[in-house]
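Q: here is a sequence with its predicted model. Questions after.
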Amino acid sequence: MSREHGTRARYVVERCRCEPCTTANRAAENDRYRQQAYGRWQPYVDARPARDHVRMLMDYGLGWKRIAEMAGVGRGTVEKLLYGAAHRGMEPSKGVRPETAKRLLAVRPEGERLGGAVCVDATGTRRRLQALVAAGWPQAQLADRLGMEPANFGRTLRSARVQTATERAARKLYDDLWRTDPRDHGVINQAYSRARSYAIAHRWPPVGEWDDDTIDDPAAFPDWTGQCGTPAGYRAHSRHRIPHCDPCRQAEAA
């Protein structure tokens, strides 16, 4: 793999002597001399945190070569971090460059990076599907759109963890349907009303009560009234005959 011009890595490893690479190498050397003069030179840090983080990422279904690619770190570096070099009798690395550790620790197990069978927190999935039911979408129709059996869909509405494939499918379904009226898509009035009543009975917040930035946050709560979490929110629940949410009940009790 050819490294980018204007980097010390290309200067050292690939022996490129173009002006950008030479400048980058000179800047790195000057910085090293400066740090040594100030007594702050730290060529290596403990490899354990980076190794533990890489292993955690692997538990989420990411291969170590893919992790190296996402971090912008050489595959050989990650291989030695994890396994050492058996053919040379070397144990796994005890130290790594600070920048290498920083790059590896910055890789997060999220989004499209994960394999479809990896299990993740189901908070956002539950909330999105429950909100669609609250909007009047029958569970059977949502299950059909997801390619799931109704029983499995029912379990998903209460699950603590789901596979990433399910999480992605639920997110797309929500994005496709959250602005729609189910009755415009063939849902009869009786089924529409039944779905909404079921959601109300189970205190499932409708679409408008969640913010896109917090719907996946387990610590977040829906703002039913615009004042939830305060005594004023509690009174607004009563005034509009909305089931009281936990933050408002706690605020009123306090």
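A: Nice, I can see it. Just so it is clear, the structure is predicted and the values come from calculations on it, not from any experiment.

Q: contacts, neighbours, all on C-alpha from now
A: OK.

Q: could you list the domains of this protein?
A: Using the TED database, the domain ranges for the chain come out as 8-38, 45-112, 119-221, 223-253.

Q: for the second one, the distance to its chain's centre please.
A: What that stands for is domain 45-112. Computed by Cα atoms, centre = their mean, to the nearest Å, the separation of domain 45-112 from the middle of its chain amounts to 20 Å.

Q: tell me the mean pLDDT for that domain?
A: Averaging pLDDT along domain 45-112 gives 85.

Q: helix or strand for D52, which one?
A: Assessed by DSSP states H and E, D52 sits inside helix 48-59.

Q: which elements pack onto that helix?
A: Other elements packing on helix 48-59 under the criterion 3 or more Cα pairs under 8 Å, 6 or more residues apart in numbering; DSSP states H and E are helix 64-71, helix 98-105.

Q: for the domains of the chain, give me a markdown table that also has mean neighbour count.
A: Output for these, formatted as a markdown table (neighbours: other Cα atoms under 10 Å):
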| stretch | mean neighbour count |
| --- | --- |
| domain 8-38 | 15 |
| domain 45-112 | 16 |
| domain 119-221 | 17 |
| domain 223-253 | 17 |
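
Q: worst mean pLDDT among those domains?
A: Among these, domain 223-253 scores lowest, at a mean of 68.

Q: now do the helices in the stretch 51-200 of the chain.
A: 64-71, 75-83, 98-105, 123-134, 139-146, 150-156, 164-177, 189-201 (DSSP state H, counting those that start in this stretch).

Q: tell me the spacing between the residue nearest to D216 when sequence neighbours are not counted and C18.
A: Spatial nearest neighbour of D216, chain neighbours left out: G124 (4.1 Å); criterion: Cα to Cα, 6 or more residues apart in numbering. Distance of G124 to C18, computed by Cα to Cα, to the nearest Å: 50 Å.

Q: related to what we said a few turns ago, now the helices of the stretch 51-200 of the chain in CSV, with distance to A50?
A: Formatted as CSV, those follow (distance: least, Cα to Cα, whole Å):
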stretch, distance to A50
helix 64-71, 11
helix 75-83, 8
helix 98-105, 5
helix 123-134, 28
helix 139-146, 38
helix 150-156, 34
helix 164-177, 24
helix 189-201, 44
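
Q: mind checking which of those helices is nearest I215?
A: Within the helices of the stretch 51-200 of the chain, the stretch nearest I215 is helix 123-134; the backing value is 5.6 Å (Cα to Cα).

Q: where is the longest helix in this protein?
A: If you go by DSSP state H, the chain has its longest helix at helix 19-37.

Q: what does that helix contact?
A: H5, G6, T7, R8, R10, Y11, C16, W41 (Cα atoms under 8 Å, 6 or more residues apart in numbering).

Q: from R26, how far off is the fourth one?
A: Read it as R8. Counting by Cα to Cα, the gap from R8 to R26 is 8 Å.

Q: now the fifth one
A: Here R10 is placed at a distance of 13 Å from R26 (Cα to Cα).

Q: same question, the first one
A: Distance, H5 to R26, using Cα to Cα: 14 Å.

Q: was I right to think Q139 contacts R196?
A: No - with contact defined as Cα atoms under 8 Å, Q139 does not reach R196; the gap is 10.6 Å.

Q: between those two, what contacts are shared?
A: Each of V133 lies in contact with both Q139 and R196 under the rule Cα under 8 Å, 6+ apart.

Q: my read: P109 touches Y60, true?
A: Yes - with contact defined as Cα under 8 Å, P109 reaches Y60; the gap is 6.7 Å.

Q: who's in contact with the closest residue to A199 other than its chain neighbours?
A: Take A199 and drop its neighbours on the chain: the residue closest to it by Cα to Cα, 6+ apart is A134, 4.9 Å away. By Cα under 8 Å, 6+ apart, A134 lies in contact with A195, R196, S197, Y198, A199, I200, W204, P205, P206, V207.
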